[in-house]
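[1] Everything below, folded, please.
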Amino acid sequence: MATFDYLGTRATADGLITKFGMAAVLRRASVDRDCWIVIVDEMPSDKATQLANPTDRRILMSAVGLDQEPPNNELDQLVTFVQPPTNPPVENEVLPLTCPVKKYAPAGITVLYEFTVRR
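    Model (predicted):
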């Protein structure tokens with residue numbers, strides 16, 4: 001019986017996210033962890049009772065390099081950079097995670113993470 005290559009799936013997901021996404025940082029207290037993300041959806045909302053109209057963004061994040069410390073919506077913030085990237089990178093936004101992080105892990109191998117952030 002042939003088994004499915006979950007590590008290959010993880011590598012494919014990472015390759016697609018790094019090709020079509022952008023570098024970012026997960027910021028926790030004073031520690032920054034490099035990561036790769038892609039913004040797959042923007043969900044603006046019209047809050048008539050608020051002065052600002054927040055925009056939620058759905059994020060897919062590569063799991064490569066985050067096995068020891070996966071993203072946590074209570075401890076982390078997502079830092080994005082001005083695009084196209086410069087050297088050194090210039091911070092664009094610091095975005096709080098608005099929901100628990102969803103982990104895609106078939107057969108126990110984490111392939112990617114999904115969550116939303118709010119601006």
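[2] which intervals of the chain have sub-threshold pLDDT?
    1-2, 46-53 (pLDDT under 70).
[3] Tell me where it has helices.
    6-20 (DSSP state H).
[4] what's the single longest strand in it?
    Longest among the strand segments of the chain by residue count, using DSSP state E, is strand 31-44.
[5] got a list of contacts for it?
    Residues from elsewhere that reach strand 31-44, judged by C-beta atoms under 8 Å, 6 or more residues apart in numbering: 14, 16-18, 20-26, 53-62, 64-66, 69, 71, 78-80, 116. Yep, even glycine has a C-beta here, placed from its N, CA and C like the rest.
[6] Run through the bridge partners of residue 25.
    residue 34, residue 79 (DSSP bridges).
[7] you'd agree it is up against residue 76?
    No - contact criterion C-beta atoms under 8 Å: residue 25 and residue 76 do not qualify, at 9.6 Å.
[8] Report the central residue of the chain.
    What sits nearest the mean C-alpha location of the chain, by C-alpha atoms, centre = their mean, is residue 61, with 3.7 Å.
[9] quick revisit: quick one, which of the contacts of strand 31-44 are buried?
    Buried by 16 or more other C-beta atoms under 10 Å: 14, 17, 21-22, 24-26, 56-57, 59-62, 64, 66, 71, 78-80, 116, out of the contacts of strand 31-44.
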